[in-house]
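> What shape does this take:
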Amino acid sequence: MILPKIRVLHSHGRQAIPDLDAVELTPEFRGRPCLTETRDADDAEHAAAVCPTGAFTAAPLALDLGRCLFCGECARIAPRNVRFTNDYRIGSPTREGLVVRPGDPRIAFDAGKVRPEIRRCFSRALQLREVSAGGDASVEMELGATGNVNFDLGRFGIGFTDLRFIIGFTASPRHADGVVVSGPVTANMAEALEICYDAVAEPKILVACGSEACSGGLFADSRAVDRTFFDTHTPDLWLPGAPTHPMTYIDGMMNLLGRKTRQ
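Down below sits the predicted model:
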């Protein structure tokens, strides 16, 4: 009975990615954008006018990844001004770090902005609680993928649980070291998010995952959204994306914990 199962496992081969630092995503993936100024700003102005979240601006030329939906419309309308690369390393410890300007070679990760207690307390193991604060399940699904056989984030001692089902190791905020927030934070979830965050013991970390969590995304001006939580709590890590790719999450977390360095 066991031999057929062994044959199946052997046929699957090694599915886990051995070196996550060496991962290169498909060229079709929209990651870090490159901006180039031109004398003629008509295309850039047109692209800024159609941007649904105001992430792209023509004067000055800039693209706020915290608002960006990565729809690619700006690159289609103004290809001389905007080009998306497949670089997934776009997380930042500051909200300002998500704003891309002409000449920026990469999204820098300023280690000096990371609170010392984060690396002192969590560099070896980190357990998180994930709160879907009105999300559409896209970011939540990508977060779930970080623990699958391909990415296997648990090998680094990092896990998390969703409010609906266990993905990692933490089934309660009382057992967590921090909170990962996804979704724009709806009014119905604002109190629940606050209660969950307060239940985590100090020291703790806060991660905003996805463009909706970073800025509210398409729903930023909706009456159904209540983002006062971020008025009193500043995330330690901002991860853009619509949704956030598992490698963006993994790279951001590893940099936050000091397990790798991105200049």
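> Report the residue spans of the stretch 1-150 of the chain with pLDDT below the cut-off.
The stretch 1-150 of the chain contains residues with pLDDT under 70 at 9, 12-13.
> For it, which segments count as helices?
2-12, 42-50, 73-77, 116-122, 138-145 (DSSP state H, counting those that start in this stretch).
> quick one, which of those is nearest to Ala201?
Closest to Ala201 of the helices of the stretch 1-150 of the chain is helix 116-122 (Cβ to Cβ; 10.8 Å). The way it works is simple: take the backbone N, C-alpha and C, and place the C-beta from them, glycine included.
> buried residues in the closest one?
Going by neighbour count (16 or more other Cβ atoms under 10 Å), the buried part of helix 116-122 is 118, 121-122.
> Using CSV, write out the CA atom coordinates for that helix.
Taking C-alpha atoms only, helix 116-122 is exported to CSV below (Å, rounded to 0.1, in the frame of the first residue of the first chain):
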residue,chain,number,x,y,z
PRO,A,116,15.5,47.8,17.0
GLU,A,117,13.2,45.6,19.0
ILE,A,118,11.8,44.0,15.9
ARG,A,119,15.1,42.4,14.9
ARG,A,120,16.1,41.8,18.5
CYS,A,121,13.0,39.9,19.4
PHE,A,122,11.7,38.4,16.1
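> quick one: Pro102 from Asp110, how far?
20 Å (Cβ to Cβ, to the nearest Å).
> What is the end-to-end distance of stretch 44-63?
11 Å (Cα to Cα, to the nearest Å).
> ok, and what's touching it?
The contact list for stretch 44-63 (Cβ atoms under 8 Å, 6 or more residues apart in numbering) reads 33, 35, 37-38, 41, 64-69, 71, 73-74, 77-78, 81-82, 99-102, 211, 215, 217-218, 220.
> 7 Å instead?
33, 35, 37, 41, 64, 67-69, 73-74, 77-78, 81-82, 99-102, 217-218 (Cβ atoms under 7 Å, 6 or more residues apart in numbering).
> Look up how far Val185 lies from Thr228.
From Thr228 to Val185 the distance is 8 Å (Cβ to Cβ).
> which of these two has more neighbours?
Neighbours were counted for Thr228 and for Val185 using other Cβ atoms under 10 Å; Val185 has more, 27 against 12.
> which residues touch Asp198?
Going by Cβ under 7 Å, 6+ apart, the list of residues near Asp198 is empty.
> Contacts only, for the spatially closest residue to Asp43 that is not a sequence neighbour.
Leaving aside its sequence neighbours, Asp43 sits nearest to Ala78 (Cβ to Cβ, 6 or more residues apart in numbering; 3.8 Å). Residues in contact with Ala78 (Cβ under 7 Å, 6+ apart) are 43-44, 46-47.
> now those residues: which count as buried?
Using 16+ other Cβ under 10 Å as the burial test, these include 43-44, 47 as buried.
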